[in-house]
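In: only geometry, no sequence info:
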């Protein structure tokens, strides 16, 4: 009886452990297929940094249209986002050339010490570009720092965003 019980328990452990491993493998493949983005950090002299994230929307197989965005988050030395600039672009490509057909700018301000002005977007050839001027003020409302930031999203002839 003990051998039968032990055999049943071992059989269940083997079967269910293999099932969970297969499920875990399937989940990781799906998440990696969906994670179509890149991430970089640029450190500034004062210890703050700019985090850049490029995200590409999923495309239909054999599509000649590519949409995506580049976001630049301006962060303090502790990693808190103070403000951000995002360019969103739509491109057509055919394997030989790429063309930007639309460019939009988005800004967000998360700090009362910063003010954002003059957001603009433009498109040229295979590039979508956004710019903004950010000004940091002291508690006494004196100008402390000015940052002119731009974000350019480029599409290659094969549809790769950078």
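Out: Yes, it's here. Quick caveat: nothing in here was measured; it's all calculated off a predicted structure. Residues are numbered from 1 along each chain as shown.
In: Please make it C-alpha for all contacts and neighbour counts, starting now.
Out: Will do.
In: Can you classify the most centrally placed residue in the chain as helix, strand or coil?
Out: In the chain, the residue lying closest to the centroid (CA atoms, centre = their mean) is residue 53, at 3.3 Å. At residue 53 the chain is in strand, as set by DSSP: H, G, I helix; E, B strand; the rest coil.
In: Residue 88 versus that one, what's the distance?
Out: Distance, residue 53 to residue 88, by CA to CA, to the nearest Å: 12 Å.
In: joint contacts of these two?
Out: Common neighbours of residue 53 and residue 88, counting by CA atoms under 8 Å, 6 or more residues apart in numbering, are residue 70.
In: Off-centre distance for stretch 81-91?
Out: Between the centre of stretch 81-91 and the centre of its chain there are 9 Å (CA atoms, centre = their mean, to the nearest Å).
In: Run through who's touching that stretch.
Out: Contacts to stretch 81-91, defined as CA under 8 Å, 6+ apart, come from residues 65-76, 98-111, 114, 121, 126, 128-132, 149-153, 155.
In: How confident was the prediction at residue 29?
Out: With respect to pLDDT, residue 29 has a value of 22.
In: Quick one: the strands in the protein, in order.
Out: Taking DSSP state E as the criterion, the chain contains strands spanning 37-43, 49-56, 65-75, 81-93, 98-109, 114-124, 127-137, 143-154.
In: What does residue 77 show for phi and psi?
Out: Main-chain torsions, residue 77, degrees, to the nearest 10: phi -60, psi -20.
In: wait, what's in contact with it?
Out: 47-49.
In: how about 7 Å then?
Out: 47-48 (CA atoms under 7 Å, 6 or more residues apart in numbering).
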